[in-house]
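Peer 1: Mind looking at a prediction? Sequence and model below.
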Amino acid sequence: MALSNTKNTNYVIAFVAILMFAVSVVLTIAAGVAPGIALIWNVLAALYIGYDLIPQSMLASPLILIATLLDALVFALFAVFLATWFIDLVRSINITEYFALRKIRGLRRHVIVAPYNNFSKSLVEELTKSGSKFVVITDNQIQAARLNNANVLAIVGEFRSRDAFETAGIGSASYVVACDDDDVKNALITIAARDANPNVTVISRVIEEENMQKVSKAGASRIIIPSVTAGLSVGEEIVKRV
């Protein structure tokens, strides 16, 4: 979703820059400058390249001044467009994420943890100590990068959607642990996981006891009521079964 919004923003920036540049060219021509020279003048002005194609006496024209100011704004928009494009390019060729996805495709009978928070942190530590294979789904790009840098397989995605679980390799996973701080969200995670793989075992965290039945109906195979050592308990349960 964020990437799509960035692309839409880029399109808007590019459209505005082109429109402003066209207006500046028209204004320059309206000031009496030949079309060819007007086009070259505005291109060079937008790039901040000084070149005296137009006599200095013509700069006194209000139209030329407005066109020059528009060209300066075009340059600023162009710089923003290049910056956002470069950021998108870097994200699309994230080497760490690329290798993480390759490793995930090779996993079998692994555990999927969604999302990553204080509760699941203990679970991740327990799984790491036991040598279990697992993948974390998070909606935070920075958090995913930190986990991958710490040799923890993590992907960025909406952990209540089927696509995120498919990327995490749910087709060959054994367990999904829904450990959000909200029971409704854990129910949605359970539904998404079951939709992606009806045979996967879902262990769900439940905050309020009255929501146990709702989460169970959503498809959770086992429900955990959190306590001080809840994360460790889930980890031990999975380690015993895996």
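Peer 2: Here it is on my side, so go on. Numbers count the residues shown, from 1 in each chain.
Peer 1: CA atoms only: put stretch 76-85 into PDB for me.
Peer 2: The C-alpha coordinates for stretch 76-85 follow below in PDB (Å, rounded to 0.1, in the frame of the first residue of the first chain):
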ATOM      1  CA  ALA A  76      12.700  21.500  -7.300                       C
ATOM      2  CA  LEU A  77       9.900  19.100  -8.300                       C
ATOM      3  CA  PHE A  78      12.200  17.200 -10.600                       C
ATOM      4  CA  ALA A  79      14.700  16.800  -7.700                       C
ATOM      5  CA  VAL A  80      11.900  15.500  -5.500                       C
ATOM      6  CA  PHE A  81      10.800  13.100  -8.200                       C
ATOM      7  CA  LEU A  82      14.300  11.700  -8.700                       C
ATOM      8  CA  ALA A  83      14.700  11.300  -4.900                       C
ATOM      9  CA  THR A  84      11.500   9.300  -4.500                       C
ATOM     10  CA  TRP A  85      12.300   7.300  -7.600                       C
END
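Peer 1: Which phi and psi values does Val200 adopt?
Peer 2: In terms of degrees, to the nearest 10, the main-chain angles of Val200 are phi -70, psi 150.
Peer 1: Contacts only, for it.
Peer 2: For Val200, the contacting residues are Ile170, Ala173, Ser174, Tyr175, Val176, Ala193, Arg194, by CB atoms under 8 Å, 6 or more residues apart in numbering. In short, each C-beta sits where N, CA and C put it, glycine included.
Peer 1: Same check on Glu208?
Peer 2: By CB under 8 Å, 6+ apart, the contact list for Glu208 reads Asp183.
Peer 1: Phi first, then psi, for it.
Peer 2: Torsion angles, degrees, to the nearest 10, at Glu208: phi -100, psi 130.
Peer 1: what's the answer for Cys179, then?
Peer 2: Main-chain torsions, Cys179, degrees, to the nearest 10: phi -130, psi 40.
Peer 1: what ranges do the helices span in the chain?
Peer 2: In the chain, helices defined by DSSP state H lie at 2-30, 35-46, 62-92, 95-105, 118-130, 141-149, 162-167, 183-196, 212-218, 230-241, listed in chain order.
Peer 1: circling back to that earlier point, just the ones in strands from the contacts of Val200, please.
Peer 2: Tyr175, Val176 (DSSP state E).
Peer 1: And the furthest pair within the contacts of Val200?
Peer 2: The span of the contacts of Val200, defined through CB to CB, is set by Ser174 and Arg194 at 14.1 Å.
Peer 1: any low-confidence regions in the chain?
Peer 2: Counting by pLDDT under 70, the chain has low-confidence residues at 1-7, 48-60, 65, 87-95, 227-239, 241-242.
Peer 1: mind redoing it with 80?
Peer 2: Residue ranges of the chain with pLDDT under 80: 1-14, 17, 38, 41-98, 159-160, 226-242.
Peer 1: Domains in it, by residue range?
Peer 2: 2-92, 95-241 (automatic domain parsing).
Peer 1: Of the ones you listed, which stretch is the most buried?
Peer 2: domain 95-241 (a mean of 18; mean count of other CB atoms under 10 Å).
Peer 1: How much space separates the nearest residue to Ile13 once chain neighbours are set aside from Leu107?
Peer 2: Among residues not flanking Ile13 along the chain, Phe81 sits closest, at 4.8 Å (CB to CB, 6 or more residues apart in numbering). From Phe81 over to Leu107 the distance is 39 Å, taken as CB to CB, to the nearest Å.
Peer 1: Check Thr138 too.
Peer 2: In terms of CB to CB, Thr138 sits 17 Å off from Leu107.
Peer 1: Val43 and Thr84: what is the separation?
Peer 2: Distance from Val43 to Thr84, by CB to CB: 22 Å.
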